[in-house]
Each structure stands twice: as C-alpha cells, then as structure tokens.
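Participant: What would the 3D arrangement of this be:
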Amino acid sequence: MLPEDAPPEVRERAQDVLQSVMQKVSRVLNERTANEEGDAELSRKLSDPTDFDLEDPELLLRPDDNILLRRDSRCIIMDAFELGREFPEVDIDPRLVFDNPTIEQLSQAIVDLPQTQRTKSVESASTAQPGVTLTSVPFTQLTTGEVAPCAYHSAGDASRYIRSSDGMESLLIPGGQARIGDDTSCPSARENEGPSHMVELSTFLMDIEPVSLGAYARFLNSAKPNQDQLFDWCLLPAEDARCAHLPLTLGEDGWQVKMGVPPNWPMILVSWYGANAYALWAHGQDWRNYRSAASAQFLPTEAQWEYAARGQETLQFPWGDEDATPDLLNVCWDASTYDSKGNVTAHVATPLEELPLVGVNVLMGVSPFGLRGMAGNVWQWCRDTYHSNFYMCTEASLKDAWNAEEEEGALKSERGGSWVGPAALARSSYRRGRHP
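Facilitator: Residues are numbered from 1 along each chain as shown. Sure, this is the predicted structure:
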C-alpha cells in the first residue's frame, strides 16, 4: 500500500498498475466461470485479452462481487493456478483468494505481493538432517521433453533397465520364496503384520526409486487431466491445511515444480489414484482406468514390496536388524512433535521448500537388491486393497499373492514410512491402509 503522503504522480502510476492487474484478474476469473457454467459465447469473447472490457455488463463477476458465492473451493484452487500463470513473478496461493474474495481486493493483494526472488534448485541432496553426510547417484528421471513410447533398455547388466517414457531406472527382482509379515522376530510388530507366511513370487520389475516431483509434473503436462481428475490425484480441498505443501503449480508452460523446491524430491500428497494413473501412463497404458484395482498391474503388491525392501529374510529394515539412524533413513527423530497417532503435528507450519525431505536419488533406505527409498522419506502405495486380517486368508499365501478385492473407495495399502512419522513405521513389515 502507498503511504498517505505519496506524491500525486506516484499515486497515478500505482492506480494504473492496479487497473492493469484488475483487467487480468477479471478476465481469468470470468473466462473460467463462463467455461464452467457453459456460456460458450462469453468464453470465446473473453479468450482474447486485447478486447477485454472490465466494465462489460455481460461479465458474470463484477469487480466488487463476492467470488466465494459463485465459485466452490475446487474452482478457487484452479483459479489460483491460472492466476499464477498470468502473474508468474509472484506466488499466488488459493488462500489469497479466500482472504480477498472480490476482484478488487484480490487485485490489490496481488499488487502488494513481493516479487519472487527465489530460484529453483536443479537438485537437492537433503534438507532433512543437517550435519549428516549423504551420498547420491545421478538423477535420471525425465522432467521435461516429449514422451517416448514405453520400452525398457538395458542399463549395463541383465538386471538393470531404463524406461524410455520417463527415464526411470528399474531393477529386475529375482523370483523366489519370500517370508512375508512378522509376528515373532520384532517385539513392536502389530497384529496386522501376522501371521508370517511364505509366498512364492515370480520375477518382477520394480522402479529403483520413488517418482520425483519433476517427473510427476511432466506426466500432468502429457496427460492433461481435467479438474476432477486432478483432485482425485494430487490436489486438496482449499480448507485442508496441507494445501501449503502442494509441490506443483500451473505455470506459463504448464505444470511445474514450485520455485525453490528441488525437482528430484519425491512426489508428495499424491493419492493411490494418482500413483496408479502415473504408473499406467509411464507404461503406455490408458491412464483413465486409474480407479480400477484390476488396472493397477504396475504398482507393486504388498508381498513384492516387502520382499524388494528386505529380501528373503525377516529383517526389520532394508539394511538389517540394526537400529535406525539418521544416515540410514529419513524419518522424524523428534518424538516430542508426535500426536497420539504418531503423526507430526507441527509440520504444516513449515514452508514447503524447508520440508525435511531427501531427493529420490539419495542413498537412503537402500534394500539388498539396490532399491532406494525403501524405508522413510515418503510412503509408497501398493497395488492391494487393504485389510488388516488379509494375512489370515488362504489368498495371502497363493503364488504372487495380493488382495485383488474390487471395491470403490476401499482402503489401499501403503508401505515404508515417511519423514512425518517415527522409525518404527518404516519397518519393512509395517503395513497400513489409507483412502485411495
């Protein structure tokens, strides 16, 4: 805001800037509202920014109208992304719209925002544990460029391959008899981890590391999902406090990692639907079937994941039964921040770029097969529909066992723990279910 004693010429320039911003804000919001309300003629008219009139009586939103009375939270989140494309020099968060619910107020708020001075890191090893020396390997996932047809090319030996569609390195995990679950060797094992049982697994391919932020943004730019699909995959209701940690934004050139956030960080806040959609797309399949359990053939089963994490032995962690330490995995080591469910309660106040995450190519949580990130950092979705008593069923001991139950909205299994919780949740046999 201008000081009260600002000279007239300064006030005049400031008013011109505000008027220009209002023109852009009004055009974006009115064009999106016209699109969603089916007014094709007005939408075509507003698509030409050179012919836009802020005082046009046909506009659906006037400068002093309350946007919230006409736009729901999903629409407002997408509005914020579109405004971010229009004003790439500033960071526009959906909460800015909620706090400034008219075009006039929102335009003034955008004018008052500081220009973004941060620059995007090409790669980051860690912000998680200062003082811990970590080792990383080259980051191969593709974050830009055209999408090639899916094919696997040898990466130098018979067990390592590069997937052409997204640059992901994958390992061929040898089949064999694997002991799944844990009800004897670990005192902290939960009921749903037993009974321990043998499963015969066929040879399978598994990605060497989690999907990165940059790779997921490239997927969105290729797939071009609609608003409902985006909310199924990786967007949150505006009232969800975790919106502050949404890592991707819609920029001038499409979806991109937010400024200041390393593109080699793992994708966070992604649903099972979003993980399945990516896996289908990366393998050249129709990603629009992402809701179907039967379509999730490229996500690992719980049995495959556990075997890939620790091998044939019933080890607590990928490296063995030795205690977890900050140089082995990335979890929350400050127990005072846990709530009653073992979740970190204060993390939502941490700026996105300061989250204690490590890059997917950092050598942490390394399994006996050489897979990275198999303990800590981020939870990993599995193919299975989750049931706490699945291991008691005969189906759990069948060859290549997995819970294939098809039920819309049923809980899905996830493994590995994350930076939010304690090390106990990163044990290889620890299992839990979450809404997809």
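Participant: Going by C-alpha atoms from here, please, whenever you check contacts or count neighbours.
Facilitator: OK.
Participant: Report whether Met206 is found in a strand, as I expect.
Facilitator: Yes - Met206 sits within a strand when classified using DSSP: H, G, I helix; E, B strand; the rest coil.
Participant: who touches it in this structure?
Facilitator: 170-173, 300 (CA atoms under 8 Å, 6 or more residues apart in numbering).
Participant: which one of those residues sits closest to Asp182?
Facilitator: Using CA to CA, Pro300 is the member of the contacts of Met206 that lies nearest Asp182, at 19.2 Å.
Participant: Isn't the closest one up against Thr385?
Facilitator: No - using CA atoms under 8 Å, Pro300 makes no contact with Thr385, being 12.0 Å away.
Participant: out of the two, which sits in the busier spot?
Facilitator: Thr385 (25 against 21; other CA atoms under 10 Å).
Participant: How many residues are close by the nearest residue to that one once chain neighbours are set aside?
Facilitator: Nearest non-adjacent residue to Thr385, counting by CA to CA, 6 or more residues apart in numbering: Lys412, 4.5 Å away. Other residues near Lys412 number 22, with proximity taken as other CA under 10 Å.
Participant: what do you get for Asp207?
Facilitator: Around Asp207 there are 20 residues (other CA under 10 Å).
Participant: Now do the same contact list for it.
Facilitator: 168-171, 371.
Participant: let's see 10 Å
Facilitator: By CA atoms under 10 Å, 6 or more residues apart in numbering, the contact list for Asp207 reads 160-163, 168-172, 298-300, 371-372.
Participant: for the top helix by length along the chain, packing partners?
Facilitator: If each helix of the chain is counted by residues according to DSSP state H, the longest one is helix 8-36. Under the contact criterion of 3 or more CA pairs under 10 Å, 6 or more residues apart in numbering; DSSP states H and E, helix 8-36 touches helix 40-46, helix 73-86, helix 103-112.
Participant: Now name the helix or strand holding Val378.
Facilitator: For Val378, there is no helix or strand it lies in under DSSP states H and E.
Participant: Do I have it right that it meets Leu425?
Facilitator: No - between Val378 and Leu425 there is no contact under CA atoms under 10 Å: 11.1 Å.
Participant: sorry, back to before: the longest helix of the chain vs helix 73-86, what angle?
Facilitator: Per axes from the mean of the first three to the mean of the last three CA atoms, to 10 degrees, the angle that helix 8-36 makes with helix 73-86 is 130 degrees.
Participant: how much space is there between Lys224 and Ala277?
Facilitator: Between Lys224 and Ala277 the computed distance is 12 Å (CA to CA, to the nearest Å).
Participant: Not counting sequence-adjacent ones, nearest residue to Ala303?
Facilitator: Leaving out its chain neighbours, the residue that sits closest to Ala303 by CA to CA, 6+ apart is Ile180, at 6.4 Å.
Participant: For the one you found, grab the count of nearby residues.
Facilitator: 28.
Participant: contacts for stretch 153-170?
Facilitator: With CA under 10 Å, 6+ apart, stretch 153-170 has contacts from 139-152, 171-174, 204-212, 215-216, 218-219, 281-284, 369, 371.
Participant: What's the PyMOL line that selects buried ones from those?
Facilitator: What follows is the PyMOL syntax selecting those of those that are buried according to 16 or more other CA atoms under 10 Å:
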select buried, resi 139+141+142+143+147+150+152+171+172+173+205+206+207+208+209+210+211+212+215+216+218+219+281+282+283+369+371
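Participant: Low-confidence stretches in the chain?
Facilitator: 1-7, 9-11, 114-131, 185-187, 335-349 (pLDDT under 70).
Participant: the helices in it, which residues?
Facilitator: 8-36, 40-46, 73-86, 94-99, 103-112, 213-223, 227-233, 272-282, 302-310.
Participant: Could you say which of those is packed most deeply?
Facilitator: Ranked by mean neighbour count under mean count of other CA atoms under 10 Å, the helices of the chain are led by helix 302-310, which reaches a mean of 27.
Participant: list the helices and strands that one packs on?
Facilitator: If contacts are counted by 3+ CA pairs under 10 Å, 6+ apart, helix 302-310 sits against strand 169-173, strand 176-180, strand 197-201, strand 204-207, strand 380-385, strand 412-415.
Participant: which stretches of the stretch 251-400 of the chain form strands?
Facilitator: 254-257, 380-385 (DSSP state E, counting those that start in this stretch).
Participant: ranking the ones you listed by burial, who's on top?
Facilitator: Mean neighbour counts for those (mean count of other CA under 10 Å) peak at strand 380-385, with a mean of 25.
Participant: partners of that strand in the sheet?
Facilitator: Using DSSP bridges, strand 380-385 pairs in its sheet with strand 412-415 (antiparallel).
Participant: Flag every buried residue along the partner strand.
Facilitator: Neighbour-count burial for strand 412-415 flags 412-415 (criterion: 16+ other CA under 10 Å).
Participant: what do you get for stretch 406-422?
Facilitator: Buried, per 16+ other CA under 10 Å, within stretch 406-422: 410-422.
Participant: Do me a favour and get the end-to-end distance for it?
Facilitator: Stretch 406-422 end-to-end distance (CA to CA) = 32 Å.
Participant: now that stretch: how far from the chain's centre is it?
Facilitator: Mean-position distance between stretch 406-422 and its chain equals 14 Å (CA atoms, centre = their mean, to the nearest Å).
Participant: repeat for stretch 245-264
Facilitator: Offset of stretch 245-264 from its chain centre (CA atoms, centre = their mean): 11 Å.
Participant: Tell me how far Gln108 lies from Val90.
Facilitator: From Gln108 to Val90 the distance is 13 Å (CA to CA).
Participant: Revised request: answer the last question for Glu55.
Facilitator: Distance from Glu55 to Val90, counting by CA to CA: 26 Å.
Participant: Kindly report the same for Ala109.
Facilitator: 11 Å.
Participant: that older thread, output the helices and strands packed on helix 8-36 as TSV; include the columns distance to Cys243.
Facilitator: Output for these, formatted as TSV (distance: least, CA to CA, whole Å):
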stretch	distance to Cys243
helix 40-46	29
helix 73-86	9
helix 103-112	19
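Participant: which one of these lies closest to Trp233?
Facilitator: helix 73-86 (13.1 Å).
Participant: Run the angle between that closest one and helix 103-112 for me.
Facilitator: Using the same axes, to 10 degrees, helix 73-86 lies at 40 degrees relative to helix 103-112.
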